[in-house]
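Participant: no sequence for this one, just the structure:
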């Protein structure tokens, strides 16, 4: 029993100590999706979907929930954000050429269609896309992809 008590105390001390180490926040003072939205022209419904389900992990600005202040959750969330931005960051849209933009829109449609986005770990706390939202997002992404491919 003594060993279990020592392990629990050590874990508690470790938990307290890691609270003093935080990952850098993904917060920008610049508009994060201006170029993306001006070029892809989503309607207000699509913008609402993107803002509520996509931009937190796929832009340079994240709206952090309260639990993001507690380590080790803060590190887990930071990992998700970094991975999301690595795959697609709407804040970098202006730096993409037409071919890459079309490919990113194709990937967006595929990921939503296959149920890979938003990730399950995100939907546990923030809810999933409705079937109607998925259909609208996919339709919009494919339309934008087609327009971009025509301009290549």
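Facilitator: Sure, I can see it. Only a predicted model underlies this, so the values are computations on that prediction, with no experimental measurement involved. Numbers count the residues shown, from 1 in each chain.

Participant: show me the contact partners of the helix or strand in which residue 13 is found.
Facilitator: Secondary structure assignment for residue 13, by DSSP states H and E: helix 2-18. Helix 2-18 has contacts (C-beta atoms under 8 Å, 6 or more residues apart in numbering) with 71-72. All C-beta atoms are positioned from the backbone trio N, CA, C, and that covers glycine.

Participant: again, but for stretch 79-92
Facilitator: With C-beta under 8 Å, 6+ apart, stretch 79-92 has contacts from 26, 28, 30, 32-33, 36, 50, 54-62, 104, 107-108, 119, 121-122.

Participant: now do it: distance to the chain's middle.
Facilitator: Stretch 79-92 sits 6 Å away from the centroid of its parent chain (C-alpha atoms, centre = their mean, to the nearest Å).

Participant: check the average confidence over that stretch, would you?
Facilitator: The predicted model assigns stretch 79-92 a mean pLDDT of 94.

Participant: give me the buried positions along that stretch.
Facilitator: Burial within stretch 79-92, assessed by neighbour count using 16 or more other C-beta atoms under 10 Å, is assigned to 81, 84-85, 88-92.

Participant: over to stretch 112-126?
Facilitator: So for stretch 112-126, counting by 16+ other C-beta under 10 Å, buried means 112, 117-118, 122.

Participant: possible to save the residues you listed as a markdown table with secondary structure and distance to residue 22?
Facilitator: Shown next, in a markdown table, are these (DSSP: H, G, I helix; E, B strand; the rest coil; distance: C-beta to C-beta, whole Å):
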| residue | secondary structure | distance to residue 22 |
| --- | --- | --- |
| 112 | helix | 31 |
| 117 | coil | 27 |
| 118 | coil | 24 |
| 122 | helix | 20 |
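
Participant: so for the most centrally placed residue in the chain, what's the pLDDT?
Facilitator: Residue closest to the mean C-alpha point of the chain, counted by C-alpha atoms, centre = their mean, is residue 57 at 1.9 Å. On pLDDT, residue 57 comes in at 92.
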